[in-house]
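Chemist: Mind looking at a prediction? Sequence and model below.
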Amino acid sequence: MSPLPLPPVAAPYQLPFHYGALHNIGLDYLVHPDPVREVLAKHHPALTAADFAGYALVSLNYQLYFAQYPNGGGITQEIEVNIVAHPAAAADRVPRVSYAQYAQGHDQTKLLGIGRVHVLCDNPLAIEAGRLLYAEPKYPGTFSAEMPSLNGPAGDAWNIHCHAADATPLFSLAADLNGLRPVTANNTPITGYGTEPDGRTLAGPMNVYQPYHWYDLTAPEAAGRARLTVHDPSGAVGQDLTHLIHATAPAGAWTFQSPPVAAHNRPYYLA
């Protein structure tokens, strides 16, 4: 069998795409597998939902990132609604791991990846690039976000609100991680799966060069600390979130924030 060609890189883009800074929170939901299999078959027929002791895994993640280009810089926000899955043809190579092991990066085959179901984004260039390069189901959205920052009050709380392009509230994520002890997780590269219109499946790895923090939200002290609220259950993303997750509590949260590279310090008087 001859080697497969690499997917083309559409002009004017170049790969890899380099992030100048990344701020990221994800919430993971262990859910009944039947709705997950149904939705996955519709979006990614070559993938099979991962099995974690009889549960499937739906993962939502918000990203705020900066990129530098030859002619300046750009800031992007997006939220992905993902199903953790693997290629059906590679089922015999997928390791048997628990959810906690998966979240901490124990699957080094990286066959367990994210099958994207919805990706909402506020940057037209990123929307086009995601569609052309990675076959992402990416479309416009807007965001308001509150997150931990060295330029704000101390704390570890996240509140992310996602709206449609016409400003209709779609859903929101909230996580109060204050006082919870995270685990350092070496869980990248993360394999992102996309399906092209002709049915061909792509796999695109994303490296993050420092570890994530993972929080076990099944611990007693974490009860009620994170939640998903669907504001528009009649829309496409709201229908899928309700169908997939319903009232399930999250099993885990994971965060990453790029460290600062410089600081402008407090001034002092000369006299």
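Modeler: Yep, that arrived.
Chemist: where are the low-confidence patches of the stretch 1-150 of the chain?
Modeler: Across the stretch 1-150 of the chain, the ranges flagged by pLDDT under 70 are 1.
Chemist: at 80 instead, please
Modeler: Within the stretch 1-150 of the chain, the segments meeting pLDDT under 80 span 1-2.
Chemist: can you give me the helices in it?
Modeler: 33-43, 99-103, 124-134 (DSSP state H, counting those that start in this stretch).
Chemist: Mind listing residues that contact the last one?
Modeler: It refers to helix 124-134. Residues from elsewhere that reach helix 124-134 (C-beta atoms under 8 Å, 6 or more residues apart in numbering): 7, 9-10, 13, 15, 17, 74, 76, 78, 119, 121, 136, 138-140, 192, 194, 202, 204. Bear in mind the C-beta positions are built from the backbone N, C-alpha and C, glycine included.
Chemist: re earlier: and the helices of the stretch 1-150 of the chain: which comes nearest Q239?
Modeler: Closest approach to Q239 among these (C-beta to C-beta): helix 33-43, 9.8 Å.
Chemist: about what we covered before: of all the helices of the stretch 1-150 of the chain, which one is nearest N186?
Modeler: The closest of those to N186 is helix 99-103. By C-beta to C-beta, the value is 11.0 Å.
Chemist: now for that closest one, which elements pack on it?
Modeler: Where contact means 3 or more C-beta pairs under 8 Å, 6 or more residues apart in numbering; DSSP states H and E, helix 99-103 is packed against strand 21-31, strand 252-257.
Chemist: in stretch 116-134, what's buried?
Modeler: Residues 116-123, 126-127, 129-134 are the ones in stretch 116-134 that count as buried (16 or more other C-beta atoms under 10 Å).
Chemist: correction: stretch 156-164
Modeler: Applying a neighbour-count criterion of 16+ other C-beta under 10 Å, one finds D156, W158, I160, H161, C162, H163, A164 buried in stretch 156-164.
Chemist: just these now: which is nearest R266?
Modeler: Comparing the buried residues of stretch 156-164 against R266 with C-beta to C-beta places D156 closest, at 24.3 Å.
Chemist: Pop out the phi and psi values for that closest one.
Modeler: When read as degrees, to the nearest 10, the backbone of D156 gives phi -140, psi 60.
Chemist: if I pick it, what's in contact with it?
Modeler: Neighbouring residues of D156 by C-beta under 8 Å, 6+ apart: P148, D176, L177, N178, L180.
Chemist: And the strands in the stretch 1-150 of the chain?
Modeler: Secondary structure of the stretch 1-150 of the chain (DSSP state E, counting those that start in this stretch): strands at 21-31, 47-49, 56-69, 72-87, 113-121, 138-146.
Chemist: Make CSV from those and add distance to D232 to it.
Modeler: Below are the strands of the stretch 1-150 of the chain laid out as CSV (distance: least, C-beta to C-beta, whole Å):
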stretch, distance to D232
strand 21-31, 18
strand 47-49, 25
strand 56-69, 15
strand 72-87, 14
strand 113-121, 12
strand 138-146, 12
